[in-house]
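Colleague: Dropping a prediction and its sequence here:
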Amino acid sequence: MDLTTTYLGLALRSPLVPSASPLTEELDTIRQMEDSGAAAVVLHSLFAEQLRQDTLELAHHLEHGTESFAEALTYFPEPEEFRLGPEEYLEHIAKAKAAVKIPIIASLNGSSMGSWTNYAKGIQEAGADALELNIYYIPTDMNLTAAEIEAVYLDILKAVRVVVTIPVAVKLSPFFTNFANIAARLDQAGANGLVLFNRFYQPDIDLESLEIKPNILLSTPMAMRVPLRWIALLFGKVEASLAATSGIHRASDVLKMLMAGADVTMLCSTLIRHGPRQIGVIERDLVAWMEEHEYESVSQLKGSLSQKNCAEPSAFERAQYMRAISRLPALWVKGSVL
């Protein structure tokens, strides 16, 4: 069975790739992932806030005491002239590259044009095979227009593309006025891949402490429906690789994403629940289904049920929504759903 695929120009043994999560912080876990069949690994994210904090701390130490000797201020370059950031992350990239043979994809998580874009060069120099830009951006300014928000994404990508030559993927949320348009523009701006979609962790209210608290819920297979639709719509219309993430737990989820047009399927919640060995379980089930249904390769599956190749292209648009709504009364009578 030929499970090979190509993602960001990288030849991979299969479409099974662990996504950015705390699991990839440990070298032993990354080795276990490779042994279990991972085709590549996306490292845990380095956050822009970490880089900003390091910058502030160094600036404080450099300028401490200079109020007594004003001329001392000229002894040091401005903080923004330093290439700063958690050195441990760069070391982790280098160690991961030495520990395994599969591609290592680094991850930067931010929301603006800050110093993290420049830090991308350090990630390349540390040996990363590719870089994933996880743009986690929740605009709250009522005066900010959709065009201005989209410009932030494009500017971040363009700034990173200037300083690195390794492949760059952009991880997005689906919350755009016209997602097809922003996908096409990122593709044209040089994105080698689009990762669909980022999961926004929503806050909760603690009724005892009366405080806002973080609330992390692992995904369920239902979460895959949104990326499945958009991957099916984009397949064959953009040059960038398409990575499916969120809600992928079983071989059946992987198969659906591949048929929609995904180049790779990224795994997170299922690995947190079951451990790295779950990669091997999914691969075995994937191969068994393909053999049973007489498929010979992943490339044969890929995009076979995308909008481009589907017998009923409208199934991914409004017509399908109307059909689904029309079925609700029957489901109510049966009591099978509601």
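Modeller: Cool, got the structure. What you are looking at is a predicted structure, and each value in this text was computed from that prediction instead of being measured.

Colleague: ranges for the helices of the protein?
Modeller: 27-36, 48-63, 87-99, 116-125, 146-163, 179-188, 225-234, 251-260, 269-274, 278-292, 298-301, 318-326, 328-334 (DSSP state H).

Colleague: Quick one: closest of those helices to E312.
Modeller: helix 318-326 (8.4 Å; C-beta to C-beta). (C-beta placed from N, C-alpha, C; glycine too.)

Colleague: Now do the closest one, average pLDDT.
Modeller: In this model, helix 318-326 has an average pLDDT of 62.

Colleague: before we move on, the earlier item: of all the helices of the chain, which one is nearest L16?
Modeller: Comparing the helices of the chain by C-beta to C-beta, helix 278-292 comes nearest, at 5.5 Å.

Colleague: Quick check: buried residues in that closest one?
Modeller: By neighbour count on 16 or more other C-beta atoms under 10 Å, the buried set for helix 278-292 is Q278, I279, V281, I282, E283, L286, M290.

Colleague: Return the member of those nearest to A126.
Modeller: Nearest to A126 among the buried residues of helix 278-292, counting by C-beta to C-beta, is I279 at 24.9 Å.

Colleague: Wait, the closest one touches L267, no?
Modeller: Yes - using C-beta atoms under 8 Å, I279 is in contact with L267, at 6.7 Å.

Colleague: Identify the contacts common to the two.
Modeller: Counting by C-beta atoms under 8 Å, 6 or more residues apart in numbering, the shared contacts of I279 and L267 are L16, P18.

Colleague: any idea how far P167 is from S14?
Modeller: According to C-beta to C-beta, to the nearest Å, P167 stands 18 Å off from S14.

Colleague: swap in T177?
Modeller: 36 Å.

Colleague: between the buried residues of helix 278-292, which is closest to L305?
Modeller: Nearest to L305 among the buried residues of helix 278-292 is M290, at 14.7 Å by C-beta to C-beta.

Colleague: thinking the closest one is in contact with R284, fair?
Modeller: No - between M290 and R284 there is no contact under C-beta under 8 Å: 10.9 Å.

Colleague: before we move on, back to that, more neighbours, T177 and S14?
Modeller: S14 (23 against 11; other C-beta atoms under 10 Å).

Colleague: can you give me phi and psi for that one?
Modeller: Dihedral angles phi and psi of S14 (degrees, to the nearest 10) take the values phi -160, psi 170.

Colleague: can you pull the contacts of it?
Modeller: Per C-beta under 8 Å, 6+ apart, neighbours of S14: L3, T4, T5, G37, A39, E283, L286, V298.

Colleague: and what of L16?
Modeller: L16 neighbours (C-beta under 8 Å, 6+ apart): G37, A38, A39, V254, V264, T265, L267, I279, I282, E283, L286.

Colleague: so which of those comes closest to D206?
Modeller: Nearest to D206, judged by C-beta to C-beta, of those is L267 at 30.9 Å.

Colleague: correct me, but that closest one touches Q278?
Modeller: Yes - here L267 reaches Q278: they are 7.5 Å apart, a contact under C-beta under 8 Å.

Colleague: The closest residue to L46 other than its chain neighbours and D206, how far apart?
Modeller: Among residues not flanking L46 along the chain, Y89 sits closest, at 4.8 Å (C-beta to C-beta, 6 or more residues apart in numbering). Distance of Y89 to D206, given as C-beta to C-beta: 32 Å.

Colleague: Having no further points to raise, I will conclude here.
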